[in-house]
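Engineer: With the sequence up front, the predicted model follows.
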Amino acid sequence: MANIDKLIPRKIYSANSYPTIEIEVCLDNGITVRTSSPASLYDKKEHERTFSTNSFGKVVTPLNNGKNYDDGVNATIKSIKEEIVPEIVSKNVNNQFGIDSILSDLNGNRNKFNLTVNSTLAVSCAVAKAAAKSNNISLFKYIRELFSKEKIYRLPVPMINIFDGGLKTNNNLHFQALMIIPINANSFKESITVGAKIFHTAKKVLGEFGLSSSVGDQGGYASIFYSGDESSIINWKSIVTVAIELIIKSISTAGYKAGTDVLLAIDAAGDTSFF
């Protein structure tokens, strides 16, 4: 049996230069692991991000939001040190359900303090990773033993980003991402090959329509979409329609059939106030 000896939160920066939280878990048997959570909104009221509207009428994150991110992460790290660490240190690392229950209770007690999903997620993942390493098994095997009776390992069907939009992309696509799912491939490797072929075909299709193929933060093309009528450039429903039609054309041009070989997916990251 291994117990949690130390839990250390710290601030790190993502590939997009946004600060987020890393958690280091040290066990009393000498094992140490680290994990982090994606940079996202921090919901302490005094550290909320501000938003602006770009020239296409889309809500975006302004460039001066770095300090808001920093303040939010710093405040969350302080909360982790003060509220989570005392509750988690000394606990049996193999008691994932018990630790997650503690985190859930803390996160739900809004009168006591305000944690974010990112903080509790990072701690939970770090504990699971430490437990797996302590038991000398892979993390995916440890998670399966905890949560599933399924004995067959299956790789998920990948979702491949084609177009970027949303808060962090200064174009006119309101949805955060428009993606494809290669469902008719015989293996994960083949799915990635299909996705890569369609992704590169999409660049050529964009060029045919005189649209930019610059790549955004999420890896998709951050194009500014329009079709014929210039007024459609600020109509979010029209923009989504145009973008989807371009993806469908890219799928067919690459030699596949939308709806049979490849499905479409949307990461809306939505807030109705944006529309």
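Structural biologist: Great, that's in hand. In this text, all values refer to a predicted model and were calculated from it rather than measured experimentally.

Engineer: Every contact and neighbour count from this point should use C-alpha atoms.
Structural biologist: OK.

Engineer: So which other helices or strands are in contact with the lowest-mean-pLDDT helix or strand in the chain?
Structural biologist: Sorting the helices and strands of the chain by mean pLDDT, DSSP states H and E puts helix 66-79 at the bottom, at a mean of 75. Applying 3 or more Cα pairs under 8 Å, 6 or more residues apart in numbering; DSSP states H and E, one finds that helix 66-79 contacts strand 4-13, strand 19-27.

Engineer: I figured Ser37 hits Pro19, correct?
Structural biologist: No. Contact criterion Cα atoms under 8 Å: Ser37 and Pro19 do not qualify, at 10.2 Å.

Engineer: Mind checking which of these two has more residues around it?
Structural biologist: Pro19 (23 against 20; other Cα atoms under 10 Å).

Engineer: Test of understanding: give the bridge partners of the more buried one.
Structural biologist: Tyr13 (DSSP bridges).

Engineer: Surely it and Asp71 touch.
Structural biologist: No. The pair Pro19 / Asp71 is not scored as a contact, 9.6 Å apart, by Cα under 8 Å.

Engineer: Show the pLDDT at Leu206.
Structural biologist: In this prediction, Leu206 carries a pLDDT score of 96.

Engineer: got a list of what it touches?
Structural biologist: Listed by Cα atoms under 8 Å, 6 or more residues apart in numbering, the contact partners of Leu206 are 212-213, 246.

Engineer: Now render these as TSV, adding secondary structure and distance to Arg144.
Structural biologist: Shown next, in TSV, are these (DSSP: H, G, I helix; E, B strand; the rest coil; distance: Cα to Cα, whole Å):
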residue	secondary structure	distance to Arg144
Ser212	coil	43
Ser213	coil	40
Leu246	helix	39
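
Engineer: need the helices and strands packed on helix 66-79 in CSV with mean pLDDT and distance to Asp164, can you?
Structural biologist: As requested, the helices and strands packed on helix 66-79 are arranged in CSV below (pLDDT from 0 to 100; distance: least, Cα to Cα, whole Å):
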stretch, mean pLDDT, distance to Asp164
strand 4-13, 94, 21
strand 19-27, 92, 21
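
Engineer: Would you tell me which one of the ones you listed is buried the most?
Structural biologist: Mean neighbours per residue, mean count of other Cα atoms under 10 Å, is largest over these for strand 19-27, with a mean of 23.

Engineer: So which elements touch that strand?
Structural biologist: Right, strand 19-27 is packed against strand 4-13, strand 32-36, helix 66-79, helix 117-134 by 3+ Cα pairs under 8 Å, 6+ apart.

Engineer: Give me the buried positions along stretch 80-93.
Structural biologist: Residues of stretch 80-93 classed as buried: 80, 83-85, 88-93 (neighbour count, 16 or more other Cα atoms under 10 Å).

Engineer: Which single one of these is nearest to Gln176?
Structural biologist: Comparing these against Gln176 with Cα to Cα places Ile80 closest, at 29.2 Å.

Engineer: pLDDT averaged over stretch 224-244, what's the number?
Structural biologist: 84.

Engineer: for stretch 255-262, same thing?
Structural biologist: 97.

Engineer: got it, and stretch 179-193?
Structural biologist: The model assigns stretch 179-193 a mean pLDDT of 96.

Engineer: From the rest of the structure, what touches it?
Structural biologist: If you take Cα under 8 Å, 6+ apart as the criterion, stretch 179-193 is touched by 155-163, 194-195, 260-267.

Engineer: Mind doing that once more with 6 Å?
Structural biologist: Stretch 179-193 has contacts (Cα atoms under 6 Å, 6 or more residues apart in numbering) with 159-162, 261-265.

Engineer: Could you work out the end-to-end span of that stretch for me?
Structural biologist: Stretch 179-193 has an end-to-end distance of 15 Å (Cα to Cα, to the nearest Å).
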